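Novice: here is a sequence with its predicted model. Questions after.
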Amino acid sequence: MWYPWTSDFDRLLSFSDLFRQFDRAHRSESGARETDPATTLIETAEGYELRVDVPGVKDKDLTLDVHDQTVTLSARREVKPREGWSVHRAERQGFAWKRSFAFPDKLDAERTSARLENGVLSVKLAKAPELQPRRVQIGVS
């Protein structure tokens with residue numbers, strides 16, 4: 001609807017606000033977007049390295065599953081006030097999430113290792129042995 005007393009700038013601001021509200025509502029509906037951890041995936045000749053930010057998560061609250069070409073990672077963090085304390089402001093929240101990563105190559109679960117250090121989980125995933133390059137000996141007749 002057109003309002004002659006509204007400037008183009010005011011209409012632009014209202015559209016911008018509308019998109020911002022839609023984006024906010026969309027993210028809060030899914031829930032997962034707000035708590036998805038930041039990840040980095042690197043490919044090497046031998047496999048992959050997955051780095052995931054998991055601040056405040058203890059190793060016992062992390063689960064890592066490797067199956068064929070899929071890695072599933074889940075974590076949870078509980079934030080509880082100390083007994084006898086009263087909370088005046090709580091911006092840190094607990095969370096639980098589960099995320100799967102699909103890889104183009106089959107992975108070797110036996111040679112997978114993970115290390116949690118300073119809130120960053122580093123997972124080294126080896127490609128299956130049949131995918132590793134092999135040097136073929138050339139015979140002389």
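Specialist: Looks like it arrived, so ask away. Residues are numbered from 1 along each chain as shown.

Novice: which parts of the lengthiest strand in the chain are buried?
Specialist: Among the segments of the chain that qualify as a strand by DSSP state E, the longest is strand 107-117. Judged by neighbour count using 16 or more other CB atoms under 10 Å, the buried positions of strand 107-117 are L107, D108, T112, A114. For every residue, glycine as well, the C-beta is placed using N, CA and C.

Novice: surely the first one is in contact with P129?
Specialist: No - in terms of CB atoms under 8 Å, L107 does not count as a neighbour of P129; the distance is 10.9 Å.

Novice: of the buried residues of strand 107-117, closest to V87?
Specialist: Using CB to CB, A114 is the member of the buried residues of strand 107-117 that lies nearest V87, at 33.2 Å.

Novice: what residues are up against that closest one?
Specialist: A114 makes contact with L62, L64, L121, S122, V123, K124 under the criterion CB atoms under 8 Å, 6 or more residues apart in numbering.

Novice: looking at those, which are in strands?
Specialist: When the contacts of A114 are checked against strands (DSSP E), the matches are L62, L64, L121, S122, V123, K124.

Novice: with that, I have no additional questions.
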